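J.: Here is a sequence with its predicted model. Questions after.
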Protein chains: 2
Amino acid sequence: TAAANDSAPAASPAAPDAGEDGQWTMPARDHASTRYSRLTEITTANVKDLQLAWTFSTGVLRGHEAAPLVVGSTMYVVTPYPNHLYAIDLAQPGGALKWRYDPKPARAAQGVACCDVVNRGAAYADGKIFFNTLDVQTVAVDAATGKEVWKVQLGDINRGESITMAPLVVKGKVLVGNSGGEFGVRGWLTALDASTGAIAWRAYGTGPDSDVRIGADFQPFYAADREKDLGVKTWSGDQWKVGGATAWGWISYDPRLDLIYYGTSNPGVWNPAQRPGDNKWASSIFARDPDTGMARWAYQWTPHDEHDFDGINENLLLDLPIGGRTRAVLVRPERNGFVYVLDRATGEVLSADPFGPVTWARGIDLKTGRPILNPEKATGNRLARDVCPASPGMKDWQPSAWSPRTRLLYLPHNNLCMDYEGVETGYIAGTPYVGAQVRMYAGPGGHRGVFAAWDPVARRKVWEIKEKFPAWSGTVVTAGDVVFYGTMDRWFKAVDARTGALLWQFRTGSGIIGQPITYRGPDGKQYVAVLAGVGGWAGAAALGLQPEVDPHIALGFADAMKDLPQHTPQGGMLYVFALPDRGGTR
Amino acid sequence: TAAANDSAPAASPAAPDAGEDGQWTMPARDHASTRYSRLTEITTANVKDLQLAWTFSTGVLRGHEAAPLVVGSTMYVVTPYPNHLYAIDLAQPGGALKWRYDPKPARAAQGVACCDVVNRGAAYADGKIFFNTLDVQTVAVDAATGKEVWKVQLGDINRGESITMAPLVVKGKVLVGNSGGEFGVRGWLTALDASTGAIAWRAYGTGPDSDVRIGADFQPFYAADREKDLGVKTWSGDQWKVGGATAWGWISYDPRLDLIYYGTSNPGVWNPAQRPGDNKWASSIFARDPDTGMARWAYQWTPHDEHDFDGINENLLLDLPIGGRTRAVLVRPERNGFVYVLDRATGEVLSADPFGPVTWARGIDLKTGRPILNPEKATGNRLARDVCPASPGMKDWQPSAWSPRTRLLYLPHNNLCMDYEGVETGYIAGTPYVGAQVRMYAGPGGHRGVFAAWDPVARRKVWEIKEKFPAWSGTVVTAGDVVFYGTMDRWFKAVDARTGALLWQFRTGSGIIGQPITYRGPDGKQYVAVLAGVGGWAGAAALGLQPEVDPHIALGFADAMKDLPQHTPQGGMLYVFALPDRGGTR
Ligand SMILES: O=C(O)c1cc(C(=O)O)c2c(n1)C(=O)C(=O)c1cc(C(=O)O)[nH]c1-2
Ligand SMILES: O=C(O)c1cc(C(=O)O)c2c(n1)C(=O)C(=O)c1cc(C(=O)O)[nH]c1-2
């Protein structure tokens, strides 16, 4: 389809050129979701000298998943609930607080967050900072003054809805998706007018084609996906109305094809016996027209998901040489255990390879696009043992990065397996709607996390670093060939992008599940910033939940992380690093 | 009295030699309360290169006033309520958590903390860590294993009692005092057997001589103090039973004289019209025998205190050349605005000089030991304007340091004045018992804090640094002639001990009210550690109290600190600094 240039050093020719201005205006850095920075001051040679320039406490203890933003000489940080937005003046020594905006979210929202009261960050466009609050609101704040420009209520916590995702701004629209796959909500992605907050369109994850915004332009690659109203027909009765398929993860945008890409969560309820059928469009990906929201294609990673394999992970839009020609692809390290490479114009699966131990499926049938199931791992009203990966997947929301220099994907991920038993449950609005008993444990090798470099063309792992705990942070890779990521046991690490060799590490106050970024400060220097503050689903054990009392607590995750509190306290803190000055007062 | 050597480089000949082993086993470092370290690696020349070695989050947001301890290769940190005790292994890279001890204090204790749920630190002796919990318990924990050795309940939160002070261990006894001067409690100092926790003695701050532990050995310097039962007679009726005189501050010990020294809080109630008389022994200092608790002498800094001038500040035991000979003195930078130098054997006031603007008194009459009052600033049932210092005093609990090299006292302190009006109130057990409306504001110059060097022999300020906010942290001075302190607007500073020149500063995540320490790590390097985490009385405005709604909230302090939240968020974090390694992974 589109013209391509696979050897250019640019992040991705498909992405609008985010430039070399050293800013960081959206969590994924660019619309192609590469999290690649062209800054070169920090290198594999000098990163060993990196030191902490300054710190900033967020005043919040829960899990900190956000990426800070840097726009001009200001940094913006959004906290977990209560979702404060801080503006920090980078031109002042030590990062002076400019203002704080407090959206005052409803307290009760904390009760409908499945996986800690997290927030994955804000997005900047046209002089405004956009972000979502746990109580299902989207806010636009004047980036200069901190004054609220608009605020809209998009859903209802009393139905179990919440929002944790970072919005993406595309062509004057703010794209926002809800959470609540564990509460029987009906998922959606909504586009808001960036200047007014008015709802431009809403596309549901389940239901009739009209609600899902499937129309004449819909051309999924696989024939079986072309039937009418699959969002109703692949469910029994009205189950689709409480069928999940929320959009709590990442969105990418290809300006050439003019398509946005994002995935949907697990189908509700977790117990698969209560929802026979493919359960479309849960655990799927959509390509949509950003202006109208109409679907161009869709593809279901995990039909009739039996293991809570939400399909919401990041989609990296890359141009790669595949089968002798350069193709405009979408690379998806999928929660279900496979790295998928899709033709992003058509939704065709070009390859799908396990990036860790997978037992639930024997592979992906490229003819039908469907997984080849291992019936022993089916969980509907029965106990399946040794299902790999576990529910948080081989990789959860923690986003990967791509370097056009090394042509490798940097993958923070998990090594967890589980025993899973679907059990009968009933729906009560606003309360957990799960129906499964899950026990998780470390996968083969006994380590629970992996940080790996993956070659999506050669379809193989190039190197990997084993981590005690799931590698639950984001990552950033630079033109200095340094990759940064954090661990839940409080290490912020710099590794060599080509070899995985550990070059430097710093011990933060709390475990890291935030998304590191790098930027050029007003003084011209390159900085690296990351939020520490353990939590998220993986951090449940550090938030005071007691797996000793109930091994199934936190949907089985806390028990697998019993030892986490011995390695990290809670505490939200921004760390900003740089190479040393020539000394003196900073 | 005692032999003296005023030119020796030791901290104080009166102090048991804390040695040069680089440990830090009690908040004041030594029994003489010098907070002086003989470590010399960090100097005025190289401190500009100081960098952050590692950090550790405490998981608590409220005000962090404690000094960390270092014993062998372990660091101990006690947090504000819920009073967790962390042991951190300094021999591991980045400070690995060894264990955490949780005393599970009663939640309701938070309601009787006058000035934030703070804790000023632990003390080490004989293989045990001793500390107090907000709910009036003292705990002994095995320093190696983190197992509780004993725990004793010493008072009752339902009567308004709490504990925030750091215990001192002297001759096998753990000395502990209660808080609650704002709740009409009756103050005491209690000695516990360090091995069993059994109460050895308790000395009250008010009441008959038998309760105050005044007996035949009592020889106060001033004749008027020698009458019987002044703890009853200087009050009207039974007011002494709710008369405050708690012991929430600092204790020193002189092994040569075998005396402990500590002060008592304001008399209850704040409204002086409700308690005619001197109100002994509130706002006083006691010298006692540590074995028996019997008083040797006492002296009342502020008889009939009309301004909340708790007399609990630190007492530095120094041997100074006074009037041509070396005298064993006690230097007290007093809340009421004067630096006192007392003969510590007799309680004679040798000098008393204002260290900032004082309007409530015209000086101290050395013949009687009594302040010469300014009647315009009397507050009993009347409004007094422009009282300086304000209730938090020229200096509150934030402890000073002494360098035997520079022979200067390093004084973090306040520059606040107030309007104060006593108003009639009644006593209800367990609730605030104040009876005063106070408005505070910056003193002359408009800055609210000062960090100063004071010469107690020449009786003058040598240099000072103005701070926007009260200098509410502790301080430490080293043999490298570097003084460290922190500010409420997030700067950790190193200044030249001789000139006050700023040599280095680092921006912490939250404001600093903790006590910095310095130690030698297992690797032989000198480290500097401090807890950040704004709060305390001065930090009330940063804890969400709203002076816009009530200017008298937090006893008038929040209104004077309205702008604090614009300069610091909350967040408890330990920072550990060192000079750079030669590079590489830390
Ligand atoms: O289905 C949903 O709506 C939903 C929402 C969220 C969320 O909003 O954080 C998570 C999940 N599912 C989920 O499956 C999951 O693994 C998960 C991990 C986390 C996290 O922040 O660590 N959130 C979520
Ligand atoms: O009278 C008392 O018992 C009492 C207790 C405390 C305390 O325990 O923190 C303070 C005070 N008074 C007090 O007067 C005061 O200025 C003060 C400041 C602080 C602080 O931690 O910042 N505590 C206290």
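T.: Yep, it's here. Numbers count the residues shown, from 1 in each chain, chains lettered A, B, ... in the order given. Ligands and ions are numbered 1, 2, ... in the order given.
J.: How far does the helix-or-strand element of chain A with minimal mean pLDDT sit from its chain's centre?
T.: Across the helices and strands of chain A, mean confidence by mean pLDDT, DSSP states H and E is lowest for helix A:557-560: a mean of 93. Relative to its parent chain, helix A:557-560 has a centroid offset of 21 Å by C-alpha atoms, centre = their mean, to the nearest Å.
J.: again, but for stretch A:531-549
T.: On C-alpha atoms, centre = their mean, the centre of stretch A:531-549 falls 18 Å from the chain's centre.
J.: ditto for stretch A:423-438
T.: Distance, centroid of stretch A:423-438 to centroid of chain: 24 Å (C-alpha atoms, centre = their mean).
J.: can you give me the strands for the stretch 301-450 of chain A?
T.: A:316-322, A:325-333, A:338-343, A:349-354, A:361-364, A:371-373, A:383-387, A:401-403, A:408-414, A:416-422, A:436-442, A:449-455 (DSSP state E, counting those that start in this stretch).
J.: For the last one, could you pull out the residues that count as buried?
T.: If you call a residue buried by 16 or more other C-beta atoms under 10 Å in any protein chain shown, then strand A:449-455 has these buried ones: A:449-454. Every C-beta, even on glycine, is put in place using the N, C-alpha and C of the backbone.
J.: Give me the helices and strands touching the least confident helix or strand of chain A, please.
T.: Contact here means 3 or more C-beta pairs under 8 Å, 6 or more residues apart in numbering or on different chains; DSSP states H and E; on that basis helix A:557-560 packs against strand A:436-442.
J.: What pairs with the strand it packs on, parallel or antiparallel?
T.: strand A:416-422 (antiparallel) (DSSP bridges).
J.: ok, the partner strand near ligand 1 or not?
T.: No - Strand A:416-422 lies apart from ligand 1 when judged by C-beta under 6 Å from any ligand atom; the minimum separation is 11.3 Å.
J.: Run the chain-centre distance for that strand.
T.: With C-alpha atoms, centre = their mean, you get 22 Å for strand A:416-422.
J.: quick one: average pLDDT of stretch A:296-309?
T.: Across stretch A:296-309, pLDDT averages out at 98.
J.: how about the CA coordinates for that stretch, as PDB?
T.: In PDB, the C-alpha atoms belonging to stretch A:296-309 read as follows (Å, rounded to 0.1, in the frame of the first residue of the first chain):
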ATOM      1  CA  ARG A 296     -12.300  -0.500   8.300                       C
ATOM      2  CA  TRP A 297     -11.400  -3.900   9.600                       C
ATOM      3  CA  ALA A 298     -11.300  -5.900  12.800                       C
ATOM      4  CA  TYR A 299      -9.600  -9.000  13.900                       C
ATOM      5  CA  GLN A 300     -10.100 -11.100  17.000                       C
ATOM      6  CA  TRP A 301      -6.900 -12.200  18.700                       C
ATOM      7  CA  THR A 302      -8.600 -14.600  21.000                       C
ATOM      8  CA  PRO A 303     -12.100 -15.800  20.000                       C
ATOM      9  CA  HIS A 304     -14.200 -17.000  23.000                       C
ATOM     10  CA  ASP A 305     -11.400 -15.900  25.300                       C
ATOM     11  CA  GLU A 306     -11.100 -18.500  28.200                       C
ATOM     12  CA  HIS A 307      -8.200 -16.900  30.100                       C
ATOM     13  CA  ASP A 308      -8.800 -13.200  30.400                       C
ATOM     14  CA  PHE A 309      -6.600 -12.300  27.500                       C
END
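J.: so how far is it off the chain centroid?
T.: Using C-alpha atoms, centre = their mean, the offset of stretch A:296-309 from its chain centre is 16 Å.
J.: Could you do stretch A:390-400 as well?
T.: In terms of C-alpha atoms, centre = their mean, the centre of stretch A:390-400 is found 8 Å from the chain centre.
J.: Just the terminal-to-terminal distance for that stretch.
T.: For stretch A:390-400, the first-to-last residue distance is 19 Å (C-alpha to C-alpha, to the nearest Å).
J.: in that stretch, what's buried?
T.: For stretch A:390-400, by 16+ other C-beta under 10 Å, it's A:390-400.
J.: Which of those residues sits closest to B:Gly324?
T.: Lowest distance from B:Gly324 to the buried residues of stretch A:390-400 (C-beta to C-beta) belongs to A:Gln398, with 72.5 Å.
J.: Please list all residues in contact with the closest one.
T.: Taking C-beta atoms under 8 Å, 6 or more residues apart in numbering or on different chains, we find A:Gln398 in contact with A:412-413, A:471-475, A:513.
J.: Enumerate the beta-bridge partners assigned to the residue nearest to it when sequence neighbours are not counted.
T.: The spatial neighbour of A:Gln398 that comes closest, neighbours along the chain excluded (C-beta to C-beta, 6 or more residues apart in numbering or on different chains), is A:Pro412 at 4.8 Å. Beta bridges link A:Pro412 to A:Phe451 when assigned by DSSP bridges.
J.: From A:Cys115, how far out is A:Pro412?
T.: Distance from A:Pro412 to A:Cys115, counting by C-beta to C-beta, to the nearest Å: 17 Å.
J.: more neighbours, the two?
T.: Between A:Pro412 and A:Cys115, counting by other C-beta atoms under 10 Å in any protein chain shown, A:Pro412 is the more crowded of the two (29 against 25).
J.: Close to ligand 1: what parts of chain A are there?
T.: Counting by C-beta under 6 Å from any ligand atom, chain A sits next to ligand 1 at A:65, A:114-116, A:118, A:164, A:179-182, A:244, A:246, A:248, A:265-266, A:308, A:310, A:392, A:396-397, A:536-538.
J.: would you list the strands of the stretch 301-450 of chain A in JSON lines and tack on mean pLDDT?
T.: As requested, those are exported to JSON lines (pLDDT from 0 to 100):
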{"stretch": "strand A:316-322", "mean pLDDT": "98"}
{"stretch": "strand A:325-333", "mean pLDDT": "98"}
{"stretch": "strand A:338-343", "mean pLDDT": "98"}
{"stretch": "strand A:349-354", "mean pLDDT": "98"}
{"stretch": "strand A:361-364", "mean pLDDT": "98"}
{"stretch": "strand A:371-373", "mean pLDDT": "98"}
{"stretch": "strand A:383-387", "mean pLDDT": "97"}
{"stretch": "strand A:401-403", "mean pLDDT": "98"}
{"stretch": "strand A:408-414", "mean pLDDT": "98"}
{"stretch": "strand A:416-422", "mean pLDDT": "97"}
{"stretch": "strand A:436-442", "mean pLDDT": "96"}
{"stretch": "strand A:449-455", "mean pLDDT": "98"}
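J.: Now the ones you listed in TSV, please, with extra columns for distance to A:Pro272.
T.: As requested, the strands of the stretch 301-450 of chain A are exported to TSV (distance: least, C-beta to C-beta, whole Å):
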stretch	distance to A:Pro272
strand A:316-322	30
strand A:325-333	23
strand A:338-343	20
strand A:349-354	22
strand A:361-364	14
strand A:371-373	12
strand A:383-387	10
strand A:401-403	34
strand A:408-414	22
strand A:416-422	6
strand A:436-442	9
strand A:449-455	27
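J.: and A:Trp54, which of those is closest to it?
T.: strand A:401-403 (24.4 Å).
J.: Now do that closest one: everything it contacts.
T.: A:11-12, A:34-36, A:316, A:318, A:331, A:408-410, A:474-477, A:481, A:483, A:497.
J.: switch the cut-off to 10 Å
T.: A:9, A:11-12, A:28-29, A:32-37, A:314, A:316-318, A:320, A:331, A:408-412, A:453-454, A:456, A:474-479, A:481-485, A:497-498, A:515-516 (C-beta atoms under 10 Å, 6 or more residues apart in numbering or on different chains).
J.: and those residues, which are buried?
T.: Buried among the contacts of strand A:401-403 (16+ other C-beta under 10 Å): A:11-12, A:28-29, A:32-37, A:314, A:316-318, A:320, A:331, A:408-412, A:453-454, A:456, A:474-479, A:481-485, A:497-498, A:515-516.
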